[in-house]
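Chemist: Okay, predicted coordinates and the sequence, questions at the end:
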Amino acid sequence: MLDCNLSFGVKIYQCKGKCQCLKEYSDSEARWGYKKKDNADKKGTWKERKLHTIQHLCLLDKPSKIISCCDKLHNAQSMNIDYMFVGDELWCRFNATKSAIFWYYQSCLDAYKTRVSIEESKVFALYRREIEILCSH
């Protein structure tokens, strides 16, 4: 098991016994709640892979969704910061269109509200706001 305290901080370390993404997977898998594919393993289109991720997010428990949401929040914040410096050139960095990227991040937001919702959490509110900003570019 990876050193959760170093990788995620004390709060996540303390919930590792309850969090399915930290207790059911190996070190490389624990961070995401599912086995991430290596570049050589990537099968299917970008959208097919993202749909798989979204479907998986719907099934996660609350602590796992929080971890995933933190990751998506950081990605969205980074994209918004980068946009301030490079503008629309940002979208050239991705293997998908701007509208597809917006669809993916909005779909993740929706997935966090399904089954076991994290909608009341602070991280969800922050993520929702970052997505609103991202989609306004």
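Modeler: Structure received.

Chemist: which helices and strands sit right next to the helix ranked longest in the chain?
Modeler: Ranked by residue count and defined by DSSP state H, the top helix of the chain is helix 62-86. Identification of packing neighbours for helix 62-86 by 3 or more Cβ pairs under 8 Å, 6 or more residues apart in numbering; DSSP states H and E yields helix 10-15, helix 20-23, helix 98-111, helix 122-135. C-beta coordinates here come from the backbone N, C-alpha and C atoms, glycine included.

Chemist: Can I get the ones you listed in CSV including distance to residue 50, mean neighbour count and mean pLDDT?
Modeler: Shown next, in CSV, are the helices and strands packed on helix 62-86 (distance: least, Cβ to Cβ, whole Å; neighbours: other Cβ atoms under 10 Å; pLDDT from 0 to 100):
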stretch, distance to residue 50, mean neighbour count, mean pLDDT
helix 10-15, 25, 14, 51
helix 20-23, 18, 19, 46
helix 98-111, 5, 17, 97
helix 122-135, 15, 17, 97
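
Chemist: of all those, which lies closest to residue 43?
Modeler: Among these, helix 98-111 comes nearest to residue 43, with 17.9 Å by Cβ to Cβ.

Chemist: Could you list the residues in contact with the closest one?
Modeler: The contact list for helix 98-111 (Cβ atoms under 8 Å, 6 or more residues apart in numbering) reads 46-47, 50, 53-55, 57-58, 68-69, 72, 75-76, 91, 94, 96, 124, 127-128, 131, 134-135.
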